[in-house]
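Asks: Sequence isn't available, so here's the structure alone:
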Ligand SMILES: Cc1ncc(C[n+]2csc(CCOP(=O)(O)OP(=O)(O)O)c2C)c(N)n1
Ligand code: SF4
Ligand SMILES: [Mg+2]
């Protein structure tokens with residue numbers, strides 16, 4: 001009876017289970033993945049939706065960084081943008097609205113060999129998921145969270161989102177929104193994210209550059225990626241698109257990314273705003289802190305299996 005090696009050795013390069021006796025190929029000998037190997041179902045977004053470019057650049061990232069199927073983990077909540085994992089032929093989850101981050105935290109903490117990517121919308125991130133955003137950022141759980149901000153709820157057909165500007169007319173604000181929008185960059189910095197960057201779907205090279213830098217960051221990396229909803233909020237980001245008469249101002253070269261106050265100041269200007277890395281600092285991750293607790297306890301109770309160590313903890317709580 002063939003035995004299954006678990007987890008990564010159990011998968012061949014095509015992602016299927018390796019139940020035979022042929023040993024898996026070493027990473028260096030494996031064929032790099034191309035877009036066609038990871039592109040799943042045909043995306044069901046409206047033609048022209050900004051989310052298409054973000055997905056295409058994620059495929060480019062996978063290709064460029066030579067990731068293998070079993071190492072790609074794509075998690076999302078609910079929304080047009082959150083349909084992302086459906087379109088990626090690899091591991092992932094389309095989870096509950098606003099709850100992608102707690103799910104992703106579990107994956108990240110239990111599988112240190114993976115880099116978890118989370119994609120979602122402004123509603124998913126800052127309305128229903130606002131609390132999770134704050135806590136995942138402050139805990140510095142290692143993952144990359146890319147919010148595809150279109151300033152509207154797209155999937156549910158045009159309601160005001162937390163990033164809709166004052167005056168925006170939607171089904172929930174027929175006379176125009178009167179509520180001050182949140183500033184995602186400030187929110188991320190204040191919450192304790194250790195990597196905070198901004199980009200826009202209309203500048204593919206920049207998106208890829210930011211995705212790579214975010215992936216390489218050891219901690220919670222947050223990207224606000226402007227992504228136009230052509231159906232309900234067309235033209236929302238023309239001000240940041242030089243092809244539509246707007247501007248694409250980069251973060252100044254002399255900006256100190258470790259200066260929290262300077263990062264705040266950069267976040268003041270909303271449209272077009274600045275593009276690039278606003279903030280990047282090094283702080284212990286929850287992953288590292290938990291790994292330390294686990295190894296200390298394993299040493300202390302060396303003779304016990306994991307479940308008995310866990311049982312001992314439960315017993316202490318009685
Ligand atoms: C608990 C719950 N509440 C509400 C909804 C309905 N709902 C689905 S997506 C969504 C908002 C999506 O907006 P956003 O996150 O900005 O994504 P977009 O569609 O704009 O990409 C809402 C309110 C839901 N699915 N589950
Ligand atoms: S409704 Fe908007 S966000 Fe949703 S797929 Fe269409 S263009 Fe994209
Ligand atoms: Mg949205």
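Replies: Great, that's in hand. Just so it is clear, the structure is predicted and the values come from calculations on it, not from any experiment. Ligands and ions are numbered 1, 2, ... in the order given.
Asks: Look up which helix or strand residue 277 falls in, please.
Replies: Assigning secondary structure by DSSP states H and E places residue 277 in strand 276-280.
Asks: for that strand, packing partners?
Replies: helix 184-191, strand 195-200, helix 204-216, helix 260-266 (3 or more C-beta pairs under 8 Å, 6 or more residues apart in numbering; DSSP states H and E). All C-beta atoms are positioned from the backbone trio N, CA, C, and that covers glycine.
Asks: can you pull the contacts of the spatially most central residue of the chain?
Replies: Centroid-nearest residue in the chain, with C-alpha atoms, centre = their mean: residue 145, separated by 2.2 Å. Contacts for residue 145 were tallied using C-beta atoms under 8 Å, 6 or more residues apart in numbering; they are 101, 104, 118, 120, 125, 133, 136, 220, 221, 222, 223.
Asks: Enumerate residues external to the helix or strand bottoming out on mean pLDDT in the chain that contact any of its residues.
Replies: None of the helices or strands of the chain scores lower by mean pLDDT, DSSP states H and E than helix 306-317, at a mean of 88. By C-beta under 8 Å, 6+ apart, the residues outside helix 306-317 that reach it are 297, 298, 301, 304.
Asks: how about a cut-off of 7 Å?
Replies: With contacts defined as C-beta atoms under 7 Å, 6 or more residues apart in numbering, helix 306-317 is touched by 297, 301.
Asks: coming back round to it: identify, out of the helices and strands packed on strand 276-280, the most deeply packed stretch.
Replies: Across the helices and strands packed on strand 276-280, averaging neighbours per residue (mean count of other C-beta atoms under 10 Å) puts strand 195-200 on top, at a mean of 27.
Asks: That one: how far from the chain's middle?
Replies: Between the centre of strand 195-200 and the centre of its chain there are 11 Å (C-alpha atoms, centre = their mean, to the nearest Å).
Asks: Partner strands of that strand, with direction?
Replies: When pairing is defined by DSSP bridges, strand 195-200 lines up against strand 220-226 (parallel), strand 276-280 (antiparallel).
Asks: list the buried ones in stretch 61-79?
Replies: For stretch 61-79, a neighbour-count test (16 or more other C-beta atoms under 10 Å) marks 61-62, 65, 67-79 as buried.
Asks: That one close to ligand 2?
Replies: No - contact of stretch 61-79 with ligand 2 is not found when judged by C-beta under 6 Å from any ligand atom; the minimum separation is 7.8 Å.
Asks: That stretch and ligand 3 in contact?
Replies: No - using C-beta under 5 Å from the ion, stretch 61-79 never reaches ligand 3; the gap is at least 5.9 Å.
Asks: That stretch close to ligand 1?
Replies: Yes - using C-beta under 6 Å from any ligand atom, stretch 61-79 reaches ligand 1 at 78, 79.
Asks: How far does that stretch stretch from one end to the other?
Replies: Between the opening and closing residues of stretch 61-79 there is a gap of 23 Å (C-alpha to C-alpha, to the nearest Å).
Asks: Show the contacting residues for the closest residue to residue 162 other than its chain neighbours.
Replies: Leaving out its chain neighbours, the residue that sits closest to residue 162 by C-beta to C-beta, 6 or more residues apart in numbering is residue 126, at 4.1 Å. The contact partners of residue 126, by C-beta under 7 Å, 6+ apart, come to 133, 162, 163, 182, 184, 187.
Asks: which residue sits closest to the fifth one, ignoring its sequence neighbours?
Replies: Counting by C-beta to C-beta, 6+ apart, residue 224 is the residue found nearest to residue 184 once chain neighbours are left out, at 4.5 Å.
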